[in-house]
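Enquirer: task: produce atomic coordinates for the following.
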Amino acid sequence: MLTKQEMKEILLTCLQTGADFAELFIEKSINNNFEMTKGAITKANTNYLNGVGVRILKDHEEVYGYTNSVHFEMVNQLAHQLASSFNGNPQAISFELQEKNMLLHTPVVKSPSTVSRDEKVAMLIKLHEGSNQYSEEITQTMGYLVDREQDVVIANTKGTLAKDRRTYVRISISAVASDGKQMQTASDNIGRNQGYELFDHFDFIQFGREVAKSAVTMLHADEISGGKMTVVVHNGFGGVLLHEACVHSLEATLVAKNVSVFSNKLGEKIASDIVTAVDDGTLANQWGSLNVDDEGNPTQRNVLIENGILKSYLVDYRNSLIMNHPITGSGRRQSYKYSPTSRMTNTFFAPGKSTFDEIIAATSYGLFAKKMGGGSVDPSTGQFNFAVNEGYLIENGKITKPVKGATLIGSGGEVLKNIDMIANNLSYGQGMCGSLSGSIPTDVGQPTIRVQNITVGGRG
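Expert: Below you'll find the model as predicted:
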C-alpha cells in the first residue's frame, strides 16, 4: 500500500502540467461467489482485485487511467503519462493530506472471512429445500451467494484522505415452475453492506418457499388484458420504478449536460403534493450505504423531491463545478478501473399516511403489482417499460385473481404527478445498478403507492 508521502508525491506529479485537481483511488478487494443448481454446487470461486485509479482534472476536462500495481514507481509513471494530456505550467496549489474522523454507517460483526465454505453452502441448501419442497411443479432452483470485502483509500489535492471498508453479503434464489406445457420463473434476494450476522435470524426455508409460491401462482394465472388503469405498486423492490424512471434523470451525469427531462427544474413542482423522494447513503447497513463515497466525501441524506417540489440533484465533484451545485456525497464507481460519477445509494419514496388495506379498499378496479421486474428506461425522457413479475387484479376494493404478462408503460414525470395514495409500510429491495462508472450496489425502496392512469400492456 502507498504511504501518505508517496500519495502526495504522485498527486503533485499529476499537477505538473497545469491541472487543478488530482485524485487517487486505491482498492484491495476479495470476492467470493457460490452457485447452486438443483441442490448441487455448480460454482465456487474467489477473486482478488488490487489496483489504483488516477484522475486528473483541468477545469472540466478529465483524464483517467488505472494500474493493477500499487507500487510507487508504477503509479507515479501512470500519473506522468496522464499529466502529459495537458500542456501548461503548474498552478500554485498546495495541500496536506489529512485523514478525518467519519461517521460509521456500516458496522460488521461477522466478516465473510470468518464464515466457512460449508456454512455458506448450507445456506444455499436450505433455500433449495424450501423452494423445491413447496410443489411438484417446481422443476428447477438456482441459488446464489456472494460476499465481498472492499478496502479503499481515496486521496486528492483538496487534502482529502479517506479510508473505508465495505462488506457486502447477498443471497438470492430463482425457482422455475412448469406444468409440462409452460414455465414460469420467480426470484428474490436479500443483501446488505454488513457481515454474515445478517442471516443470524433469517428463515432460509420460508424465503425459498415464498419464491416457489410466486412461480407456481403465476404459472396458473390468466393473461391480463391491457389498457389504462389504476395500478397499486407494492413496497420494497417496487421502488425500482422511482429508481429507474425518475432518479436516474436526477443524476448530474445527465443533468449537467442538459439532456435530462428534469434539467433546470430546481424549485419547480414535478410531482403530486404527497410525494417526497429521498436518496440516503447513511442508512445503517443498507445495501447501498457507504461511510464515504468514492470521492472521499461523507455520504448524506439528500431530499430530492419534497411535497412535489424538486429540491436537489445527485452531484459528484466534477459535475458540481459545471452545475454550480453542492456536492451530495454521490460519487460512486464499481472499482479502481472506473472514474466516478453521480450515482444513487438507497433511493425511496418517504412513507405516507395511508395503510396498505386502505389503498386496496379505495381501489374499485386496477392492478396490484406485488413484485416488479426489469425493463427499459430512457433517462433523457423518463419513458419506461417495466415487467410485473407477480400481479393480481383489484376488484371492488379486494385483491382477487392472479394475472401475468403485465407491463407498465409510461414516463417518470407522469408517474410522479399521478401518485394519489402512499402507504406507511416503507421497505427496501436490493439491486445492482449499471451506468458510466460500472455496476454498483443500490437499494430501491418505497411504501405501497397507488398511481392513476398508467398504461398496462397485456395479451389477455
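Enquirer: CA only for contacts and neighbour counts going forward, please
Expert: Will do.
Enquirer: for the stretch 251-400 of the chain, what spans make up the helices?
Expert: Defined through DSSP state H, counting those that start in this stretch, the helices belonging to the stretch 251-400 of the chain, from first to last, are 252-255, 317-323, 356-361.
Enquirer: return the set of buried residues in the last one.
Expert: Under the neighbour-count criterion of 16 or more other CA atoms under 10 Å, helix 356-361 has 356, 359-361 buried.
Enquirer: over to the longest one?
Expert: Neighbour-count burial for helix 317-323, with 16+ other CA under 10 Å as criterion, is recorded at 317-320.
Enquirer: dump those to TSV, plus distance to residue 400 and pLDDT.
Expert: Rendered in TSV, the data for the buried residues of helix 317-323 read as follows (distance: CA to CA, whole Å; pLDDT from 0 to 100):
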residue	distance to residue 400	pLDDT
317	50	98
318	51	97
319	49	97
320	50	97
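Enquirer: ok, these vs residue 256, which is closest?
Expert: For the buried residues of helix 317-323, the minimum distance to residue 256 (CA to CA) is 6.3 Å, reached by residue 319.
Enquirer: now distance to residue 132 too, for the buried residues of helix 317-323, in a markdown table please.
Expert: What follows is the buried residues of helix 317-323, written out as a markdown table (distance: CA to CA, whole Å):
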| residue | distance to residue 132 |
| --- | --- |
| 317 | 49 |
| 318 | 50 |
| 319 | 49 |
| 320 | 51 |
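Enquirer: closest to residue 123 out of the helices of the stretch 251-400 of the chain?
Expert: Between residue 123 and the helices of the stretch 251-400 of the chain, the shortest gap by CA to CA is with helix 356-361, which sits at 32.1 Å.
Enquirer: neighbouring contacts of that closest one?
Expert: Here helix 356-361 makes contact (CA atoms under 8 Å, 6 or more residues apart in numbering) with 232, 394, 396-399, 421-425, 448-450.
Enquirer: residue 248: which of those residues is nearest?
Expert: Closest approach to residue 248 among the contacts of helix 356-361 (CA to CA): residue 449, at 19.6 Å.
Enquirer: per-residue pLDDT, the closest residue to that closest one other than its chain neighbours?
Expert: The shortest distance from residue 449 to any residue other than its chain neighbours is 4.5 Å, reached at residue 422 (CA to CA, 6 or more residues apart in numbering). Looking at residue 422, its pLDDT reads 98.
Enquirer: could you say which helix or strand holds residue 422?
Expert: Counting by DSSP states H and E, the secondary-structure element that holds residue 422 is strand 419-422.
Enquirer: packing partners for that strand?
Expert: In terms of contacts (3 or more CA pairs under 8 Å, 6 or more residues apart in numbering; DSSP states H and E), strand 419-422 is packed against strand 449-459.
Enquirer: outline the domain layout of the chain.
Expert: Following automatic domain parsing, the chain resolves into domains at 4-99, 112-147+167-220, 225-459.
Enquirer: okay if I get those domains as JSON lines plus distance to residue 154?
Expert: Putting the domains of the chain into JSON lines (distance: least, CA to CA, whole Å) gives the following:
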{"stretch": "domain 4-99", "distance to residue 154": "5"}
{"stretch": "domain 112-147+167-220", "distance to residue 154": "17"}
{"stretch": "domain 225-459", "distance to residue 154": "6"}
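Enquirer: among those domains, which comes closest to residue 161?
Expert: Go through the domains of the chain one by one with CA to CA and the one that ends up closest to residue 161 is domain 4-99, at 4.7 Å.
Enquirer: can you give me the end-to-end span of that closest one?
Expert: Between the opening and closing residues of domain 4-99 lies a distance of 10 Å (CA to CA, to the nearest Å).
Enquirer: for stretch 57-74, same thing?
Expert: End-to-end distance (CA to CA), stretch 57-74: 20 Å.
Enquirer: if we can go back for a sec, off-centre distance for the strand holding residue 422?
Expert: Mean C-alpha position of strand 419-422 versus that of the full chain (CA atoms, centre = their mean, to the nearest Å) differs by 24 Å.
Enquirer: contacts made by it with the rest, please.
Expert: Where contact means CA under 8 Å, 6+ apart, the residues beyond strand 419-422 that reach it are 271-272, 274-275, 351-355, 359, 447-452.
Enquirer: scan these and report the most crowded one.
Expert: Note: the member of the contacts of strand 419-422 with the most neighbours is residue 448, at 30 neighbours, neighbours being other CA atoms under 10 Å.
Enquirer: tell me which stretches of the stretch 301-450 of the chain form strands.
Expert: Using DSSP state E, counting those that start in this stretch, the strands of the stretch 301-450 of the chain run over residues 301-306, 309-310, 331-332, 341-342, 346-349, 365-378, 383-395, 398-404, 407-411, 419-422, 427-435, 438-446, 449-459.
Enquirer: mean pLDDT for those: which is lowest?
Expert: Within the strands of the stretch 301-450 of the chain, the least confident segment by mean pLDDT turns out to be strand 365-378, at a mean of 92.
Enquirer: what are the buried residues along that one?
Expert: 365-373, 375, 377-378.
Enquirer: could you do stretch 182-191 as well?
Expert: 183-191.
Enquirer: let me have those in TSV, adding pLDDT, secondary structure and distance to residue 411 as columns.
Expert: Output for these, formatted as TSV (pLDDT from 0 to 100; DSSP: H, G, I helix; E, B strand; the rest coil; distance: CA to CA, whole Å):
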residue	pLDDT	secondary structure	distance to residue 411
183	97	strand	31
184	97	strand	28
185	97	strand	27
186	97	strand	26
187	97	strand	26
188	97	strand	26
189	97	strand	27
190	98	strand	28
191	98	strand	29
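Enquirer: now for these: which two are most distant?
Expert: With CA to CA as the measure, no two of these lie farther apart than 183 and 191, at 27.3 Å.
Enquirer: if we can go back for a sec, need the strands of the stretch 301-450 of the chain in a markdown table (columns: distance to residue 179).
Expert: Formatted as a markdown table, the entries for the strands of the stretch 301-450 of the chain read as follows, by distance: least, CA to CA, whole Å:
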| stretch | distance to residue 179 |
| --- | --- |
| strand 301-306 | 46 |
| strand 309-310 | 49 |
| strand 331-332 | 45 |
| strand 341-342 | 46 |
| strand 346-349 | 38 |
| strand 365-378 | 22 |
| strand 383-395 | 18 |
| strand 398-404 | 16 |
| strand 407-411 | 24 |
| strand 419-422 | 38 |
| strand 427-435 | 30 |
| strand 438-446 | 33 |
| strand 449-459 | 20 |
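Enquirer: nearest to residue 156, of these?
Expert: Ranking the strands of the stretch 301-450 of the chain by their distance to residue 156 (criterion: CA to CA) puts strand 331-332 first, at 13.7 Å.
Enquirer: which elements pack onto that closest one?
Expert: Strand 331-332 makes packing contacts with strand 341-342 when contacts are defined by 3+ CA pairs under 8 Å, 6+ apart.
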